[in-house]
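Trainee: predicted model follows, preceded by the sequence.
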Amino acid sequence: KLAGINAASITPETIDQLPLTTRQEWLSYLQANPKPPQGAALMHLTPSPAIGWMPEYLSVEDVTYQAEALAGQMRSLGVAGKKALVAFGYHVFAGGWLFHEALQRAGAMVLPHGPGEAERIVQLQQQYGLDVLVCNPSFAMKIAQAGGRFELLMAGGEPFTSVPGYREKLEQAIGGVAVDAYGTSELGVVAGEGLEKDGLWEIPEMAIVEVLDPETLQPTPDGEKGEMVVTSLSRTLMPMVRFRTGDL
């Protein structure tokens with residue numbers, strides 16, 4: 001797709017000179033090239049209605065870069081010295097490992113719990129004084145209803161702060177601050193919230209974000225709705241350049 005383009009001349013400001021990539025194009029490529037590429041050090045899978053499982057491959061450098069970039073985001077949330085429980089999945093999926101490594105690099109102690117067992121999580125939180133919960137918001141609500149209380153909830157993987165009143169209800173239930181994150185299986189984590197709770201901000205080390213009119217594919221004016229198009233900066237083995245997320 002980049003044939004005839006001088007990639008060395010492209011900057012973040014001129015990235016619109018590169019062609020867009022759709023999810024269907026990417027899935028077609030994966031179907032034609034199902035084996036792990038040379039240099040792959042880590043593999044995750046995500047369920048895909050189109051191809052069964054969609055693989056994600058990371059090189060050693062990708063894993064390190066991604067963890068460092070997310071660690072910077074987490075340091076801004078004040079996790080250094082805190083005790084965190086990660087309730088995202090660790091097997092097959094990317095979620096648990098992604099947050100786990102970044103939290104450790106940011107100076108937190110991590111308990112890799114995995115999903116399910118809300119009552120056990122409450123018991124462990126009370127027994128060990130855990131401060132930070134990492135999971136999707138619907139499961140966090142179950143933990144809160146079982147008696148779990150955390151000073152910080154790092155949530156993602158589902159619609160959350162875009163649902164009116166959801167954050168306020170969950171914060172009241174869990175007794176702390178809840179922040180959101182956005183990512184996709186193809187891109188990794190793209191954006192996160194700060195403690196100011198003033199919206200999702202792109203993580204500059206992770207992604208370049210454009211907002212385009214899905215019909216004209218031209219940039220939308222500031223404040224106008226459009227499709228999010230993302231170039232991932234943490235994926236050199238499985239590059240994602242101007243990926244059309246399909247999300248408004």
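Mentor: Yep, that arrived. Residues are numbered from 1 along each chain as shown.

Trainee: report pLDDT for the most centrally placed residue in the chain.
Mentor: Closest residue to the average C-alpha location of the chain: residue 189 at 2.6 Å, with CA atoms, centre = their mean. According to the prediction, residue 189 has pLDDT 90.

Trainee: just residue 95 next, same as before
Mentor: At residue 95, pLDDT is 83.

Trainee: in what element of secondary structure is the closest residue to it other than its chain neighbours found?
Mentor: Nearest in space to residue 95, with sequence neighbours left out and distances taken as CB to CB, 6 or more residues apart in numbering, is residue 88 at 3.4 Å. Heads up, the C-betas are built off the backbone N, CA and C, glycines and all. According to DSSP states H and E, residue 88 maps onto no helix or strand at all.

Trainee: from what I see, residue 88 and residue 134 are in contact.
Mentor: Yes: if you go by CB atoms under 8 Å, residue 88 and residue 134 touch, sitting 6.3 Å apart.

Trainee: I'd assumed residue 179 was in contact with residue 197.
Mentor: Yes: with contact defined as CB under 8 Å, residue 197 reaches residue 179; the gap is 6.8 Å.

Trainee: higher neighbour count, these two?
Mentor: Legend: neighbour count by other CB atoms under 10 Å for residue 197 and residue 179, higher for residue 179 (21 against 13).

Trainee: SS state for residue 53?
Mentor: The assignment at residue 53 comes out as strand when based on DSSP: H, G, I helix; E, B strand; the rest coil.

Trainee: and it, how many neighbours does it have?
Mentor: 12.

Trainee: so what's it up against?
Mentor: Shown in contact with residue 53 (CB atoms under 8 Å, 6 or more residues apart in numbering): 45, 46, 47.

Trainee: returning to what we had before: give me the more crowded residue out of residue 88 and residue 134.
Mentor: Comparing residue 88 with residue 134 by other CB under 10 Å, the one with more neighbours is residue 134, at 29 against 23.

Trainee: the more buried one should be in a strand, yeah?
Mentor: Yes: remark: residue 134 belongs to a strand, assigned using three-state DSSP.

Trainee: right, and it touches residue 86 too?
Mentor: Yes: counting by CB under 8 Å, residue 134 does reach residue 86; the two are 4.5 Å apart.

Trainee: overlap in contacts of the two?
Mentor: Common neighbours of residue 134 and residue 86 (CB under 8 Å, 6+ apart) are 99, 103.

Trainee: just the buried residues of the biggest helix by length in the chain, please?
Mentor: Under DSSP state H, the helix in the chain containing the largest number of residues is helix 60-75. Within helix 60-75, the residues that count as buried by 16 or more other CB atoms under 10 Å are 62, 63, 65, 66, 67, 69, 70, 71, 73, 74.

Trainee: now the residues you listed as TSV including distance to residue 80?
Mentor: TSV is the format used below for the buried residues of helix 60-75 (distance: CB to CB, whole Å):
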residue	distance to residue 80
62	24
63	21
65	20
66	19
67	15
69	16
70	14
71	10
73	13
74	9
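
Trainee: helix, strand or coil for the nearest residue to residue 144 once chain neighbours are set aside?
Mentor: Nearest non-adjacent residue to residue 144, counting by CB to CB, 6+ apart: residue 173, 3.7 Å away. Assigned with three-state DSSP, residue 173 falls in the helix class.
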